[in-house]
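**Student:** no FASTA, just this:
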Ligand code: HEM
C-alpha cells in the first residue's frame, strides 16, 4: 500500500522497477562482505596494522581521485605512522608495505617469491616474456643465460661508447649555458643512444634515421606506461583499448619491434655468413667470461672494489673487452647459436627489456645526481677535486681503471640513489603464506607485497639524519655495519638488477665528463623537489639546472 502511495505520488514512481534489483544487489554485497570477512586471507590481513577501512571500499577512498604526488605523500605519511609493516585494502585486494630490512630480506632473497604483481602486465605488449616480467622456469633459464652478457669484461667494451656519448651530450648542452633548463631531457636522450649502441650495436645517425625514430618511440612508450600508472581509468584494459593512447602505443610498438626484429635478422645473417666463411668471433663470449681468461692475458692487477658490496665486485684492470666490440644482441645470437634455448622472439623480448629497464632508471638517476650536486656546491667541489687528481689537466677519455679511482663520485651516486631511488617500490605477488620477522604477522597467500625502497632508505634507525644528502653514508666503515637489505636501489637477491654494474660505470663516466666541462648550479633546495613516484621516481617540477663552463674544458 505504501509503495502504491509513493508511486501514485508521481515523483519517484519511475524508480519503482529499480528498487528490487538495487535491494537485492545491496543485500548481495552485504552477504559477500560478511562472508569475505571470515576468510583466512582477510583475517590475517586485518591483523596487520594499517589505516581504518570502510566496508567494501577498504582504503580505496584514500587513493581515488588523488594525484600521484598526493598518493606518494600519503605513502610517506603511512610509512611514518606504521613502522615496518602497513596493510592497505583496495576493495578486496590486500597490499602490504614492508620497510624493515629483515622482512625485505625474506622476500627478496627468496627463489620462490619471484612473481611480479599484476600491475607489471602493462609492460607485456612491449616486453613480452622478457626478464623483467617473466617468472618460473622461463625467468630462471633466461636469467642464467643472459647474466654472462653483463659480465664485467663485456661491460669494459662499452667504455668507448659511454665516453663518446657523454662528450656528445656535453656539446649539445652548450646551448643551455646561462639558462635554467631541464637536464632530464638530455639525460634521457643520451641514455637511449647509449642503449641503442650497447644493446643492439646500432648507432643513431641523425633525425629521420630509424635509430632516431626508435629512440623517440622508446621515450614515448615510457610516457604511456607512466600514464597508465598515473591515470586510474587507463589501468582498465577494456577502457584503455578504446582510447587514442592505445592506438599511439600500437604505432610506437610497431616502430620499436620493427627495428629490433630487423637488426636481429641482419645480425644473424651476418653471423651465419661469417661462420660459413670460417670467421668465428674472437674472443667468444665464453672465452671472455671464463674464470681464467684474465689470467691468460699479460699480467696486470686484480683487486677487490671497496664501497657498494656486490656479487660482481671482483674486478681486474685489463681492458679485455676492448679486444672485441660487443653488443648484448650479438652475445645473445652467439649464445643461441652455441646451443642456448633462445629463439628470435625471445632475443627480441630481452633486448626490448634491456632498452626499457636501462633507460628511465639511469636517466632519472643521473638527473638526480646532477641536481643534488647543483645544490651542494661543497660536495661538487670535492668530486671535481677527485676528478682533477685522476685526470690532471689532461683531456683524455675516462678509462675503466679511472672509474675505479673515482671513489668519492661513487659515494655521491650511491647517496643519490639512496635518497631518490629511481625504482621507489618493488611489488611481488605472494602465492604462499609468509611469516614475517620484524613483528609476528603472516602475509597471507594471494596478497601483494610492496617493498618500500624509498622509505627503507630514509629510516632514521639506519641512516642518521636520513633526509640529509651525505655521501659519507657510503664510507666503507659505515656500509659494513648496515643490514645488506637496507640499501636496495637495484633490488637485491636472485631477482636484482642485472644492469647495476653497467649503470654504475656509465653514471661515473657520464657525470665525470659533464663535471669536467661544466660547473652545475641550482638555486633550489631538495625541499623544492616535487616528487612524482610511479614506476620511476621523477620530479614533476622538472630537473631544473644551470651550467657554467669550467675554465679548462676537455
Ligand atoms: C640507476 C640505474 C638502475 C636502477 C636504479 C635499476 C633498478 C632495478 C630494479 C630495482 C630492478 C628490480 C625491479 C623489480 O623487481 O621490479 C631492476 C631489474 C632489472 N634491471 Fe635495472 N636498474 C638500473 C639500470 C639498469 C640497466 C642500465 C639495465 C640494462 C642495461 C637494467 C636491466 C635490468 C633488467 C633486465 C632487470 C630485470 C631483472 C630480472 O627480473 O631478472 N637495469 N633494475
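**Tutor:** Great, that's in hand. These figures come from a predicted structure and were not determined experimentally. Numbers count the residues shown, from 1 in each chain.

**Student:** so what's residue 411 up against?
**Tutor:** Going by Cβ atoms under 8 Å, 6 or more residues apart in numbering, residue 411 touches 307, 471-475. Bear in mind the C-beta positions are built from the backbone N, C-alpha and C, glycine included.

**Student:** mind listing what's buried in the helix or strand containing residue 367?
**Tutor:** Taking DSSP states H and E as the criterion, residue 367 maps to helix 344-375. The neighbour-count check on helix 344-375 (16 or more other Cβ atoms under 10 Å) flags 346-375 as buried.

**Student:** packing partners of whichever helix or strand residue 19 is part of?
**Tutor:** For residue 19, the host element (DSSP H and E) is helix 16-37. Other helices and strands packing on helix 16-37, by 3 or more Cβ pairs under 8 Å, 6 or more residues apart in numbering; DSSP states H and E, are helix 2-8, helix 40-47.

**Student:** shouldn't residue 504 be in contact with residue 413?
**Tutor:** Yes - at 6.9 Å, residue 504 and residue 413 qualify as touching, with contact defined as Cβ atoms under 8 Å.

**Student:** which other residues reach the host helix or strand of residue 87?
**Tutor:** According to DSSP H and E, residue 87 maps onto strand 85-90. Contacts with strand 85-90, where a contact means Cβ under 8 Å, 6+ apart, come from 45-46, 48-51, 53, 58-60, 62-63, 78-79, 94-100, 103, 436, 438-439, 441.

**Student:** kindly report the same for stretch 427-446.
**Tutor:** Applying Cβ under 8 Å, 6+ apart, the external contacts of stretch 427-446 come out as 40-41, 44-45, 47-48, 84-85, 94, 96, 98, 100, 102-103, 106-107, 112-120, 447-451.

**Student:** quick check on those: which are buried?
**Tutor:** Buried members of the contacts of stretch 427-446, counted by 16+ other Cβ under 10 Å: 44-45, 48, 84-85, 94, 96, 98, 100, 103, 106-107, 113-117, 120, 447-451.

**Student:** check the gap between the residue in the chain that the ligand sits nearest to and residue 505 for me.
**Tutor:** Residue of the chain nearest the ligand, by Cβ to the nearest ligand atom: residue 499 (2.1 Å). Remark: distance between residue 499 and residue 505 (Cβ to Cβ, to the nearest Å) = 10 Å.

**Student:** do the same with residue 17
**Tutor:** Distance from residue 17 to residue 505, counting by Cβ to Cβ: 69 Å.

**Student:** the two: which is more packed in?
**Tutor:** Applying other Cβ atoms under 10 Å to residue 17 and residue 505 shows that residue 505 carries more neighbours, namely 20 against 9.

**Student:** what angle do the host helix or strand of the more buried one and helix 344-375 make?
**Tutor:** Here residue 505 sits within helix 500-517, counting by DSSP H and E. Per axes from the mean of the first three to the mean of the last three Cα atoms, to 10 degrees, the angle that helix 500-517 makes with helix 344-375 is 40 degrees.

**Student:** next secondary structure after helix 500-517?
**Tutor:** Using DSSP H and E, the helix or strand that follows helix 500-517 in sequence is strand 518-521.

**Student:** quick one: residues in contact with that following strand.
**Tutor:** 170, 173, 177, 183, 370-371, 373-374, 377, 380, 384, 514, 545-550.

**Student:** what subset of the residues you listed is buried?
**Tutor:** Among the contacts of strand 518-521, those that count as buried by neighbour count (16+ other Cβ under 10 Å) are 170, 173, 183, 370-371, 373-374, 380, 384, 514, 545-547.
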